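Enquirer: need coordinates for the following:
(chains A and B)
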Number of protein chains: 2
Amino acid sequence: MHDIGADLRTTCFDGGFWGPRIELMRDKALRYQWEILNDRVPGAEPSGCVRNFRIAAGIEQGAYTGMVFQDSDLGKWLEAVGYALQTKPDDELERIADEVIELIERAQQPDGYLNTYYTIKEPGRRWTNIRDNHELYCAGHMMEAAVAYYEATGKRRLLDVMLRMAYHIDSVIGPEAGKKHAFPGHEEIELALVKMYRVTGDAVLLKLADYFLRARGLADNYFICEHPVDAAKTASGAFDGRYWQNHKPVVDQEALVGHAVRALYMATGMAEVAAQTGASDLFGACAKLFDDLVGKRMYITGGVGSNAWGEAFSTDYDLPSDRAYAETCASIALCFFARALLRTRPEGRFADAMERALYNTCLAGVALDGEHFFYVNPLEVWPQVVRDRRDAAHVLAIRPGWFSCACCPPNLVRLLLSLGKYAYGAQGSSIYCHLYINGRATLKLPDSTTDLSSVTLSVETDYPYGDTIVIRPSAGTYALMLRIPEWSAKRYSITVNQREVDARAENGYACIKREFADGDTIRLKLDLSPRRTYANPCLRDANGKVAVERGPLVYCLEEADNGEGLNRKILPDNVELVAVDMPDKLGGIVGITAKGLCELPGSTLYGGSRPELAPCELGFIPYYTWANRGENEMRVWVRSQER
Amino acid sequence: MHDIGADLRTTCFDGGFWGPRIELMRDKALRYQWEILNDRVPGAEPSGCVRNFRIAAGIEQGAYTGMVFQDSDLGKWLEAVGYALQTKPDDELERIADEVIELIERAQQPDGYLNTYYTIKEPGRRWTNIRDNHELYCAGHMMEAAVAYYEATGKRRLLDVMLRMAYHIDSVIGPEAGKKHAFPGHEEIELALVKMYRVTGDAVLLKLADYFLRARGLADNYFICEHPVDAAKTASGAFDGRYWQNHKPVVDQEALVGHAVRALYMATGMAEVAAQTGASDLFGACAKLFDDLVGKRMYITGGVGSNAWGEAFSTDYDLPSDRAYAETCASIALCFFARALLRTRPEGRFADAMERALYNTCLAGVALDGEHFFYVNPLEVWPQVVRDRRDAAHVLAIRPGWFSCACCPPNLVRLLLSLGKYAYGAQGSSIYCHLYINGRATLKLPDSTTDLSSVTLSVETDYPYGDTIVIRPSAGTYALMLRIPEWSAKRYSITVNQREVDARAENGYACIKREFADGDTIRLKLDLSPRRTYANPCLRDANGKVAVERGPLVYCLEEADNGEGLNRKILPDNVELVAVDMPDKLGGIVGITAKGLCELPGSTLYGGSRPELAPCELGFIPYYTWANRGENEMRVWVRSQER
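Expert: Here you go, the predicted model:
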């Protein structure tokens, strides 16, 4: 297995593109979200999350607040705290976390059960609606938190709480007679159990994860027994379990369907279990799901799940720009999935998709101020139409401060605070660079043939805005596998100590294998020329259109730079795309300008001649920076013209 | 005033394009719908309409069935019967109508009130929810029926019933102290009262129509008193009455807003009252509404009201093809509106829009079999997406037999059976030909300066498929005003007795003024070359696309002729559009073929090069014939290419 991820405790990502962003997440977003979880932000949607735990712990009286999965917000937040503490000690944060972990422990029931919704609201009804009511999902998130916090502090309290919960679950659910043959309605616990297994080595956890995956989608499965009315609908074809990925055994599924986050958490679970157990049926199936996803169902921004109805996947190539759902959580989940696939096969296709999702949809999920968030990530917005048409009612033209269903903001913080776990990998005596992030990281070499047990990389780069990545590796004999993104595959260069080396990329990685000495300097130069990207013509919304990209960044037009009527702007094929350094704009960007054309509004609605054209200047900004200057039009796919 | 419409009793539209269609409506659709109204069609949505009248009349016991406006289905059907009987006697139909009129009379309450919903279901609650519950709307439709049936048969029974109802309404509602200062939530009665006025000369009716229009949209108006909760919302801006056209006095409204059929019935009422009273404020306002509509808010098919949410108008230029609402009733209403405008000003712009709506959206509203109907008329359908996405759930890919809300089918039948009332007009000693329909019609000359009191026109034409209209007018001195559609304004010819005449069109009509002798033959030749139409670039969904038209017909591509992936088909600007006679296809059409291009599906979802192109044959069919060969893709706006 490919061991993914730097040890965050020995990782320091400062400066460059990510340093200030990680700082923003750690110093601002994390604290803002703690205030939110405690209902102390005036005007924001009430959370009630911490209060629910106090009520369940018997400390406070009151009614349950929020969604049935409200507990998971605290789980994700605590996980993010774990990552924050791994990279930088923070006594106050740790004190807050210790206190809330004590609260969680007090909310746990004597038999290990932990879920404030059922404890407060339906105490006698535990495990009666496993399909819809998220007990296993919330447990999964708290397990992830337990692992992260344990890794950060060595404190086992939350880990022990969640081990008790895992054993409680194992006593209620499983393949054995007398247990419920159930599996979660919202996948998540599968991948979390693998994480717990990795720190505890407890085989029960891995077995349970595998069971949850393989119990899904069988004929006459648990959901059908639990929901006989829906099951009756199955017969008529109106309901076939696709929303819950329950239409087929997971190993037989050929496309991700239904609720996008669930589907991607399932796929991540499959890849994680496969990486741990070597189950080739699980890996083969989820690799196929990945290829189908990036080949037919992924927005250019790495957004996935285009259908607002059911927050779901739609049909192949149905990726509308203006009614996109493309939930932030789904793209975060795509990062999880890609990382899990990389464990078994370190191939560039997985890292390419991960990077695409990360730099575009995920990063667009949070405002430059760190305190406003998108749940839905459209590729085109016309604010007037969003207001007047209800079929785009899920689309917001500006990021709000919080949501009644607040899954995305804490999910994003935990992702961005653990980037070290995505940037690197190690296999045999090879070190993989999947993402290029300014800073230092130490990687363990899992089964090196040499005596070398770890490698430290010092990386200097302005990537994704700068094209050069300077890596200073620690001494030793090993291979450094440098990811060559697909968009740079035809044009990149690598020098070692200023001498060009011929390192042809295979499966997306160029290999520099040698005995590294202290002071060695590797310089990777990628092709950051702005480029035009066209979509497969099956993707209707991009027909006759072009997207502008530079490096991993997808660009867009915004009304603030281009005036209204972005649908009338045309980018001809033959004009140059000019990258322009704009250090003072939108937190510092490289913008792209081009001499475009603009169709002039006509005097009648229909007529016998093409609209008249006038020249115009087009100004593109990175997609992740959109909607930071008030409500305005935006579009990624811009009309193209061949001449 | 311009007297619109031939006397249907002296009109005979047989042969040509319309003859068989009118026959289908009269002999099949009308009878089919009678069975529907009596719940005798297995598998169709239950109507309960006639049964409601039996229950209200005390003949049968039972509960009310259907929408609150179910009565109107019978009103529209009876009106259509009136038109059918005007053109062709039918003893059985007349007997059925007489019987049901007797039933209606028995359902009328002693004070003149008539509405089966309130009589059966909420007897004590009449006139308590005038905004939502359609009492005035249903009355309007029955008044229209009464006029048509009286004109057909000379029988006054239904007319008298509805006069009593009108007087009852006048006793309850009006500007006078002690009356409710109300107006209908769904406009319709305004235009119906004008019709009743025209046959009875009773000034009370015209005054009431005028009142209903002018009471609307005033500050502190009736709806606000009737619905104080909504009114409170008004203050917050969430509710401003636009759905009911109640946001401004009608004479101040500058765009049609809210529910499209209501808005267009309102506008029709304004134009009808203006034509009758000469009120220039009403006419000026509704002419402005018309220009705004055709300039910014009308599909090329004459579909109007693009927003499924509220069956409403959206914002300017927001005319999505795949999520179009474009209710059949709304385009029928556009025909009413245009006809009403023509009364005051016989200008081609009004007739052009009427013809566009008639030949495209209205006609697409009914299947070639006369027994299946569209409510929603999209300009693009991809059946898989309609099924998988709920934002297009209102779009059907195939016409069903009936609807639970069945406003459209009987509305269409009454329109098509009264085409004579749209085709001709008379003003002073001029006869106007607004539409060209094969057959005969007699027109009264309202205030001829000569002794001539009427003119008979015999018209021979295959229009809209044939380009020549041969007119044989009866003898006398008068002007024949021949409409020159905008699309033929630059190329048409007129001969009188085979000699070309120079009749330049003014305001859309060419004038042939002379002393006509028996046997005179006028031959109008229009330009039916297939043509490309482009949209104003503000119309996003048509950006980079072209529509194919021929005469008044809009064409479309269907999968049945072109294979799947219509979004990948391209019609280059420089290829010839070839009109091909196809007498055996889709009831007999002129199809259009062209050498097009097809983008080939790529191997990846995104890439650096444009899709590859292959030549293909494109086959266009008239839009009104789509969806007659099973569920398949369709699109009107086809991608264009300049070269």
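Enquirer: make it CA atoms for all contacts and neighbour counts henceforth
Expert: Noted.
Enquirer: so where's the stretch 151-300 of chain A shaky on pLDDT?
Expert: Applying pLDDT under 70 to the stretch 151-300 of chain A flags residues A:231-239.
Enquirer: near chain B, which residues of it?
Expert: For the stretch 151-300 of chain A, the residues in contact with chain B (CA under 8 Å from any CA of the partner chain) are A:294-296, A:300.
Enquirer: neighbour-wise, which one of the residues you listed leads?
Expert: residue A:300 (26 neighbours; other CA atoms under 10 Å in any protein chain shown).
Enquirer: show me what contacts that residue?
Expert: With contacts defined as CA atoms under 8 Å, 6 or more residues apart in numbering or on different chains, residue A:300 is in contact with A:356, A:554, B:606.
Enquirer: what ranges do the helices span in the stretch 1-150 of chain A?
Expert: Per DSSP state H, counting those that start in this stretch, the stretch 1-150 of chain A carries helices over the ranges A:18-24, A:30-37, A:49-56, A:71-87, A:91-107, A:116-120, A:135-153.
Enquirer: got the residues of the stretch 501-643 of chain A near chain B?
Expert: Going by CA under 8 Å from any CA, the residues of the stretch 501-643 of chain A near chain B are A:531-540, A:543-544, A:565, A:567-568, A:599-611, A:639.
Enquirer: quick check on those: which are buried?
Expert: Neighbour-count burial (16 or more other CA atoms under 10 Å in any protein chain shown) applied to these gives A:531-540, A:543-544, A:565, A:567-568, A:599-602, A:605-606, A:610-611, A:639.
Enquirer: sitting in strands, which of the residues you listed do you find?
Expert: The strands, defined by DSSP state E, take in A:531-535, A:599, A:606, A:639 from those.
Enquirer: farthest-apart pair in those residues, please.
Expert: By the measure CA to CA, A:531 and A:606 form the most distant pair in those, at 34.5 Å.
Enquirer: helix, strand, or coil at the residue nearest the centre of chain A?
Expert: What sits nearest the mean C-alpha location of chain A, by CA atoms, centre = their mean, is residue A:332, with 1.1 Å. At residue A:332 the chain is in helix, as set by DSSP: H, G, I helix; E, B strand; the rest coil.
Enquirer: follow-up on the earlier one: how about the ones in strands among the buried ones among the residues of the stretch 501-643 of chain A next to chain B in CSV, adding distance to residue B:625 and pLDDT?
Expert: Below are these laid out as CSV (distance: CA to CA, whole Å; pLDDT from 0 to 100):
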residue, distance to residue B:625, pLDDT
A:531, 44, 98
A:532, 40, 98
A:533, 38, 98
A:534, 35, 97
A:535, 32, 98
A:599, 33, 97
A:606, 22, 98
A:639, 32, 97
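Enquirer: sort out which one of those residues lies nearest residue B:593 for me.
Expert: residue A:606 (21.9 Å).
Enquirer: contact partners for the closest one?
Expert: B:300, B:533-536.
Enquirer: next: residue A:512.
Expert: By CA under 8 Å, 6+ apart, residue A:512 lies in contact with A:479-482, A:503.
Enquirer: name whatever forms a beta bridge with it.
Expert: On the basis of DSSP bridges, residue A:512 is bridged to residue A:480.
Enquirer: how close does it sit to residue A:522?
Expert: Distance from residue A:512 to residue A:522, counting by CA to CA, to the nearest Å: 9 Å.
Enquirer: in chain A, where is pLDDT below threshold?
Expert: A:1-2, A:231-239, A:447-450, A:643.
Enquirer: coming back round to it: which ones among the residues of the stretch 151-300 of chain A next to chain B map onto helices?
Expert: Among those, the members falling in helices (DSSP state H) are A:294-296.
Enquirer: what is the burial count for residue A:550?
Expert: 22.
Enquirer: that one touches residue A:556, doesn't it?
Expert: No - the pair residue A:550 and residue A:556 does not pass the contact test of CA atoms under 8 Å, sitting 11.2 Å apart.
Enquirer: roughly how far does residue A:375 sit from residue B:623?
Expert: From residue A:375 to residue B:623 the distance is 40 Å (CA to CA).
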